[in-house]
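**Q** pasted the sequence and its predicted model underneath.
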Amino acid sequence: MAKIKYSYDTETCKYERVKTSKSDILINALSFFSVSLIISFFILLAFQAFFTSPKEAALIKENKELKLYNEMLSKRMDDTENVLELLQSKDDNLYRTVFEAEPIPNSIRNGGVGGVKRYKDLLDLNLSQEEMIINQFEKIDRLRTRMYIQMESFDQISEMAKNKEKMWASIPAIQPVNNKEMKRLSSGFGTRMHPILKRWRLHEGVDYSAPKGTPIYATGDGKVVTVKSNFGGYGKEVVIDHGFGFTTRYAHMQSFNVKRGQKVKRGECIGFVGNTGRSTAPHLHYEVRKNDKPVNPIHYIFKDITAEEYEELLKLASVKNQSLS
């Protein structure tokens, strides 16, 4: 049963029954509904703030996993980059130093990867994590570029190592005649008195005095480019091209043991000591040229010789005496 409401009328000084109109009922109902709707909305927001749906929970879990994987991937790339930097440092400061090669400039090692336009397809997708994804792609591309350059560098070093081995075998590094007692070097490189012209002039090689028929050896691997006989000058001579800018000349020979165009190895007999050409006694005149300029042969002798023997050679070669040719 509905409650009957009364209100006090000040004019009549009596309680009068309150009559509720339909409009009042409608207004009260709307007011109640509005307040209820507002309260429900705030309750829903509070519920969403503290509670999530299974679908939302799955998405949140997936986002956390993706973020974790991204951090792990980024760390792996940082570790790879550190290893690559170590290889680059060894390449520039060790390997290339040993093989006398210029280091690769940083401008080449750290070259660009093409800018943001390279990732236009990704940009067109309007990804929510666009910046993070593009940064990772740029990092990967930079690593790939640097690794490719490093692989190319190692290929070059491998080739240089092969050439270096060949170069060490080609350098005129032994004495051209047997000189175990260190007594056969009779005249060194430099200004010497010419035995026939009787004046001081550049002696472009060294002289080894030895009996006729003493074997003469190639001092490094190479190819025989000259085998000829002269009535004057060097007499019978052999010239070997060792590559890498080195050539050697063996003069005043008695006879040859090689032919022009023949490849020879260090220590191989190429002929025999004689007294031909402009020579005053049986001996071998031996020259070393680097890039077609005469150099002191003693400076290149390092095989099959001790430090004391090398010192003795230097001492004998420094004597300002008369050459034999």
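**A** Thanks, I have the structure now.

**Q** now the helix or strand where E65 lies: mean pLDDT?
**A** Assigned by DSSP states H and E, E65 belongs to helix 54-90. Computed over helix 54-90, the mean pLDDT rounds to 76.

**Q** now that helix: how far from the chain's centre is it?
**A** Distance, stretch centre to chain centre, for helix 54-90: 28 Å (Cα atoms, centre = their mean, to the nearest Å).

**Q** and if you look at stretch 241-251?
**A** In terms of Cα atoms, centre = their mean, the centre of stretch 241-251 is found 31 Å from the chain centre.

**Q** now that stretch - C-alpha only, CSV.
**A** Provided in CSV are the C-alpha atoms of stretch 241-251 (Å, rounded to 0.1, in the frame of the first residue of the first chain):
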residue,chain,number,x,y,z
ASP,A,241,113.4,-12.1,-61.0
HIS,A,242,112.0,-13.0,-57.5
GLY,A,243,108.9,-10.9,-57.7
PHE,A,244,107.8,-8.4,-55.1
GLY,A,245,110.3,-5.9,-56.6
PHE,A,246,113.4,-8.1,-56.0
THR,A,247,115.9,-9.2,-58.6
THR,A,248,119.4,-10.7,-58.2
ARG,A,249,122.4,-10.8,-60.5
TYR,A,250,125.2,-13.4,-60.4
ALA,A,251,128.2,-12.3,-62.5
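
**Q** list the buried residues of that stretch.
**A** Judged by neighbour count using 16 or more other Cβ atoms under 10 Å, the buried positions of stretch 241-251 are 241-244, 246-251. For the C-beta atoms, the positions are set from N, CA and C on the backbone; glycine is no exception.

**Q** kindly report the same for stretch 78-87.
**A** For stretch 78-87, by 16+ other Cβ under 10 Å, it's L84.

**Q** ok, back up a step: among the buried residues of stretch 241-251, which two are most distant?
**A** Farthest pair in those (Cβ to Cβ) is F244 and A251. Separation: 22.3 Å.

**Q** on that earlier part again, rank the buried residues of stretch 241-251 by pLDDT and give me only the lowest.
**A** The member of the buried residues of stretch 241-251 with the lowest pLDDT is F244, at 89.

**Q** and the residue nearest to it when sequence neighbours are not counted, how far from I149?
**A** The shortest distance from F244 to any residue other than its chain neighbours is 4.9 Å, reached at M167 (Cβ to Cβ, 6 or more residues apart in numbering). M167 sits 26 Å away from I149, going by Cβ to Cβ, to the nearest Å.

**Q** ok, S158 next?
**A** For S158 relative to I149 (Cβ to Cβ), the value is 15 Å.

**Q** what about those two, which has more around it?
**A** I149 (18 against 11; other Cβ atoms under 10 Å).

**Q** may I see the buried residues of stretch 241-251 organised as JSON lines, with distance to T80 and secondary structure added?
**A** Shown next, in JSON lines, are the buried residues of stretch 241-251 (distance: Cβ to Cβ, whole Å; DSSP: H, G, I helix; E, B strand; the rest coil):
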{"residue": "D241", "distance to T80": "47", "secondary structure": "strand"}
{"residue": "H242", "distance to T80": "44", "secondary structure": "strand"}
{"residue": "G243", "distance to T80": "40", "secondary structure": "strand"}
{"residue": "F244", "distance to T80": "38", "secondary structure": "coil"}
{"residue": "F246", "distance to T80": "43", "secondary structure": "strand"}
{"residue": "T247", "distance to T80": "48", "secondary structure": "strand"}
{"residue": "T248", "distance to T80": "50", "secondary structure": "strand"}
{"residue": "R249", "distance to T80": "55", "secondary structure": "strand"}
{"residue": "Y250", "distance to T80": "56", "secondary structure": "strand"}
{"residue": "A251", "distance to T80": "60", "secondary structure": "strand"}
